[in-house]
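Participant: need a structure here:
(one chain, ligands or ions: 2)
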Amino acid sequence: NPPHNLEDNEYIEEMCSNVIQDMGNYGLCVLDNFLGSERGKNVLAEVLTMEHQGVFRDGQLVSSKGNNEDSKIRSDQICWVHGKEPNCPNIGYLISKVDSVIMRANKMDKIGQLGRYNINGRTKAMVACYPGLGSHYVKHVDNPNRDGRCITAIYYLNLNWNVQRSGGLLRIFPEGWREDKVADIEPLFDRLLFFWSDRRNPHEVQPAYNTRYAITLWYFD
Ligand SMILES: O=C(O)CNC(=O)c1n[nH]c2ccccc2c1=O
Ligand SMILES: [Fe+2]
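Facilitator: Numbers count the residues shown, from 1 in each chain. Ligands and ions are numbered 1, 2, ... in the order given. This is a model prediction of the structure:
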């Protein structure tokens, strides 16, 4: 990769053409080393501080295996961040960079699917923590009923994550792919993922056995 510089327009433009191409071809796009290690670690530090301060709302209760066992575990714990809060400048920086890539790619794309949208807003950032212990998220569609969200953007924060050891794989079942084809996305540190939020992309978070952090933004059309 060229020296990593999100302040450099050329670098952003190159990234945008990747996003346009992959969203057009696959309906999803993975950008690795999005912020660079130092900035990524600053974002992680802010999330760990938030967790330490107990701002995460208790996650939904899910049964740990199938539905027969009555042992319930807490699943995704979340909290919403505007990004302008004084105690999380690095999360704010992340959000502004994801915004600039998405908005730029949306304008640049003249012929592809991304260009057909007019992205004009987004949710606040949802910081999610899966506490391990088999916490997971069942197969679902983020926006099944046209609520206006068109793109899901997820930034992962998990240093040295090993799916064989810790699970927590995101499995997407893209509509239109062959039955046996899925997209397995490891929740790796400093990885940014985009995918269409609607029924084209059912997905699940497989059981995680270590604490698993992610920051999600949903973009509106
Ligand atoms: O973390 C991931 O890799 C994917 N994550 C998801 O698909 C996902 N989707 N929808 C949610 C709604 C509320 C709280 C958490 C979530 C959530 O983690
Ligand atoms: Fe989801």
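
Participant: Counting neighbours, what do you get for the closest residue to ligand 1 within the chain?
Facilitator: Nearest residue of the chain to ligand 1, counting by CB to the nearest ligand atom: Leu170, 3.5 Å away. In this view, the C-beta of every residue, glycine as well, is placed from N, C-alpha and C. Per other CB atoms under 10 Å, the neighbour tally for Leu170 reads 21.

Participant: which residues are contacting the lengthiest helix in the chain?
Facilitator: The helix spanning the most residues in the chain, taking DSSP state H as the definition, is helix 89-108. Contacts with helix 89-108, where a contact means CB atoms under 8 Å, 6 or more residues apart in numbering, come from 6, 12-13, 15-17, 19-20, 23, 31, 34-35, 39, 42-43, 45-47, 81, 83-85, 114-115, 117-119, 122, 125, 127, 151, 153, 155, 192, 194, 215, 217, 219.

Participant: what about the nearest residue to Asp22 once chain neighbours are set aside, which SS state?
Facilitator: Ranked by CB to CB, 6 or more residues apart in numbering and with sequence neighbours excluded, the top spatial neighbour of Asp22 is Cys29, at 3.6 Å. Assigned with DSSP: H, G, I helix; E, B strand; the rest coil, Cys29 falls in the strand class.

Participant: Do a quick rundown of the strands in the chain.
Facilitator: For the chain, the strands defined by DSSP state E occupy 28-31, 61-63, 72-74, 77-81, 121-122, 125-130, 135-140, 149-156, 170-172, 183-185, 191-196, 203-208, 212-220.

Participant: so can I have JSON lines of those showing mean pLDDT?
Facilitator: Formatted as JSON lines, the strands of the chain follow (pLDDT from 0 to 100):
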{"stretch": "strand 28-31", "mean pLDDT": "98"}
{"stretch": "strand 61-63", "mean pLDDT": "74"}
{"stretch": "strand 72-74", "mean pLDDT": "72"}
{"stretch": "strand 77-81", "mean pLDDT": "94"}
{"stretch": "strand 121-122", "mean pLDDT": "97"}
{"stretch": "strand 125-130", "mean pLDDT": "96"}
{"stretch": "strand 135-140", "mean pLDDT": "93"}
{"stretch": "strand 149-156", "mean pLDDT": "98"}
{"stretch": "strand 170-172", "mean pLDDT": "98"}
{"stretch": "strand 183-185", "mean pLDDT": "98"}
{"stretch": "strand 191-196", "mean pLDDT": "98"}
{"stretch": "strand 203-208", "mean pLDDT": "96"}
{"stretch": "strand 212-220", "mean pLDDT": "98"}
